[in-house]
Structure formats: structure tokens, C-alpha cells
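Visitor: give me coordinates for this.
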Amino acid sequence: MKGSKNFFMIIFGILLTIVGILIIYFNISYSPIRNNFENDYKLLSERSAGKKEYFKSEDFENFPLPIQKYIVNNGFLGKEKMDYAYMEYSDVDFAQSPEKRIKINYRQYNFANKANRIAMIKSSIFGIPFEGYDYYINGQGGMKGMLAKMVTLFHEKGKEMDKGALCTYLSECLFIPSSIIYNDKISFEEIDPYNVRASIDDNGTSVSGIFSFNEDYEITRFYTEDRPAVKDDGNIDYIPWSANILSYKKYKDGINMASHVQIIWHYPKEDFLYFDGHVDKLIYK
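Guide: All right, here's what the predicted structure looks like:
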């Protein structure tokens with residue numbers, strides 16, 4: 001009996017040690033995903049460094065009228081042209097499926113001179129850290145997820161991921177208006193006074209979608225049918241997808257920009273809202 005008791009005490013001690021090591025590891029700053037995200041940011045921001053110039057009405061005179069009104073009404077004229085934008089969301093309601101919903105923190109960089117975008121997800125699953133990296137860099141898109149900073153759960157790449165990530169970049173290009181000046185691969189066609197079709201062709205991948213504006217010429221929606229939905233079994237469907245802006249607020253320098261964003265897959269039977277978040281921070285550089 002005494003030997004059994006000592007054996008169980010040893011096992012218990014080992015388990016406590018392992019748990020202690022894991023707690024320490026989970027809380028240290030080291031993270032492969034974050035390092036990847038930050039290293040890519042440094043590289044892309046160095047490439048983006050440009051001249052100090054300011055938006056003028058002449059910069060947009062060849063664009064459709066709704067876009068010209070968007071630029072004027074939302075406070076961009078006279079502001080410094082930005083090389084990139086940084087956006088940060090906290091406590092986003094995020095879902096992989098209607099049954100799997102988690103809270104995430106989400107931060108992203110969108111770059112102007114080329115269609116580059118990187119975003120990092122931070123969350124936890126049953127107390128175990130989960131981190132994700134969503135990117136479109138030099139014509140290649142992908143999404144990587146890691147559990148406990150060491151177990152790669154997925155790393156999806158390929159032509160369909162390129163297309164999906166490029167759709168996301170296009171949906172946000174007007175968040176950083178210098179992108180539509182610097183990047184001649186983005187084009188627009190006016191549909192009516194409140195709707196404009198946007199298209200982009202990058203590295204052999206082409207997508208398009210429709211920006212909708214309200215009477216104040218705030219963007220209310222970006223809608224596309226070019227974004228592929230990759231299922232768990234690997235099959236791919238093209239499901240209508242939209243990024244919807246429910247509210248706006250004034251940020252630094254008086255720029256009026258999105259504050260509440262919802263992203264939706266429009267399946268035939270019902271809509272699937274998978275991202276519902278409020279913008280905590282918007283910084284232009």
C-alpha cells in the first residue's frame with residue numbers, strides 16, 4: 001500500500017510539473033504565428049515607404065462619382081496619402097460553423113502600393129491558446145492555424161485560397177484610398193448613383209464585387225460571388241459573400257470609417273454570419 005501511495009504521489013507530481021510547464025509556456029511571449037505576422041509586416045511596410053503626399057480632388061476625378069463622394073464625405077481630401085492601414089478588433093464573435101463559435105481578437109494590415117494584406121487571430125479553445133494567420137502576399141493567399149503555439153492544425157494554400165484572400169483585399173481597398181491610386185490593377189465601373197462594381201487582377205487571379213453606399217456615401221456593403229468556400233471535406237463551392245458595415249465613427253484627423261463590421265456567407269437555405277466585430281483601433285501610416 002505504501003509503495004502504491006508513493007507511486008501515485010510521483011505520478012501526481014509529474015503531472016503537476018507538466019501542467020506548470022504548459023502554463024508557463026502558454027503565457028510566454030514567444031509565438032511562431034505572431035513572429036510570422038510581425039516579420040511579414042516589417043518586410044511589407046519597408047517596401048511600402050513612400051513620399052509624403054496629400055489627397056487632392058484631382059486624384060479621383062477619373063473614378064465613378066459615388067467613389068468621389070465617398071472620398072469627400074468621409075474626410076480624406078487634404079489628408080496624407082497612407083502606405084498602409086492597421087485595424088484592430090477585440091472580442092469578435094467568430095464562427096467556423098453555426099455550432100462552433102468563439103471569441104477572438106483580430107488585427108490586420110492592409111497595404112496600398114500592392115495587393116498585400118496580413119491578419120492575425122488570437123483566441124483560446126478550452127483554455128489552450130489558438131492563433132491564426134490569414135495572408136495575401138505577392139499574389140499568394142493562405143490561412144494557417146496553430147494550437148498551443150506548437151501544433152499546426154491547418155495551413156491552407158492554393159489557387160482557391162489566392163482567390164478568397166484577394167476578394168478580402170478588394171473588399172477593404174476603399175478603407176485605404178491610396179490603394180486605388182497607387183494600384184492600377186484595381187478598376188471601377190459605376191452601376192448607379194449608389195453602387196459601383198470593383199475588379200482586381202493580380203498575379204493571374206481576377207475577382208470582382210459590388211460596393212454599395214448609403215445617402216451619405218458611407219460604404220454599407222461589399223458583395224461578391226467570386227469568393228470560394230472551402231468545406232471541411234476539401235470540396236469547394238462558390239457561395240455569395242458579403243462584408244457589411246453597420247456603423248461608422250470618426251477616427252484620427254476626422255476620418256469617418258467603419259466601426260461595426262459583419263461578414264456573411266449567403267447560403268441558399270440561410271445566411272451564415274461568421275464575423276461580427278467592432279473596430280477598436282484604426283491607424284494610418
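
Visitor: residue 246 sits in which helix or strand?
Guide: Taking DSSP states H and E as the criterion, the element that holds residue 246 is strand 241-250.

Visitor: state the mean pLDDT of that strand.
Guide: Confidence over strand 241-250 (mean pLDDT, whole number) is 98.

Visitor: got it, and stretch 53-69?
Guide: The average pLDDT within stretch 53-69 is 97.

Visitor: which residues does that stretch contact?
Guide: Outside stretch 53-69, the residues that touch it by C-beta atoms under 8 Å, 6 or more residues apart in numbering are 71-72, 76-81, 174, 177-178, 180-181, 188-190, 193-196, 211, 213, 217. In short, each C-beta sits where N, CA and C put it, glycine included.

Visitor: give the buried residues for it.
Guide: Of the residues in stretch 53-69, those buried by neighbour count under the rule 16 or more other C-beta atoms under 10 Å are 55, 59, 60, 63, 64, 66, 67, 68, 69.

Visitor: of these, which belong to helices?
Guide: With DSSP state H as the criterion, helices contain 66, 67, 68, 69 from among the buried residues of stretch 53-69.

Visitor: isn't there a helix covering residue 164?
Guide: Yes - following the definition DSSP: H, G, I helix; E, B strand; the rest coil, residue 164 is counted among the residues of a helix.

Visitor: confidence score at it?
Guide: Here, the pLDDT recorded for residue 164 equals 96.

Visitor: does it touch residue 141 like I think?
Guide: Yes - because the distance of 6.3 Å satisfies C-beta atoms under 8 Å, residue 164 is recorded as touching residue 141.

Visitor: overlap in contacts of the two?
Guide: Shared contacts of residue 164 and residue 141, defined by C-beta under 8 Å, 6+ apart, are absent.

Visitor: doesn't residue 220 make contact with residue 260?
Guide: No - judged on C-beta under 8 Å, residue 260 makes no contact with residue 220 at a distance of 11.4 Å.

Visitor: any common contacting residues for the two?
Guide: With contacts defined as C-beta under 8 Å, 6+ apart, the residues adjacent to both residue 260 and residue 220 are residue 245.

Visitor: and the contacts of stretch 53-69, which of them are in helices?
Guide: When the contacts of stretch 53-69 are checked against helices (DSSP H), the matches are 71, 72, 178, 180, 181.

Visitor: related to what we said a few turns ago, which one of the ones in helices among the buried residues of stretch 53-69 sits closest to residue 267?
Guide: Closest approach to residue 267 among these (C-beta to C-beta): residue 66, at 28.9 Å.

Visitor: ok, that closest one to residue 38 distance?
Guide: Residue 66 sits at a distance of 37 Å from residue 38 (criterion: C-beta to C-beta, to the nearest Å).

Visitor: equivalent analysis for residue 113, please.
Guide: Looking at residue 113 against residue 38, where the rule is C-beta to C-beta, the gap reads 20 Å.

Visitor: mind checking which of these two has more residues around it?
Guide: Neighbour tally, residue 113 and residue 38, criterion other C-beta atoms under 10 Å: the higher count belongs to residue 113, 17 against 13.

Visitor: how near is the nearest residue to residue 103 once chain neighbours are set aside to residue 36?
Guide: Counting by C-beta to C-beta, 6 or more residues apart in numbering, residue 103 lies nearest to residue 91, which is 5.3 Å off, once chain neighbours are set aside. Taking C-beta to C-beta as the measure, residue 91 falls 24 Å from residue 36.

Visitor: more crowded one of these two?
Guide: For residue 91 against residue 36, the residue with the higher neighbour count under other C-beta under 10 Å is residue 36, and the figures read 17 against 13.

Visitor: point me to the helix or strand that includes that one.
Guide: Assigned by DSSP H and E, residue 36 belongs to helix 32-48.

Visitor: what's the answer for residue 279, then?
Guide: Using DSSP H and E, the element containing residue 279 is strand 271-284.
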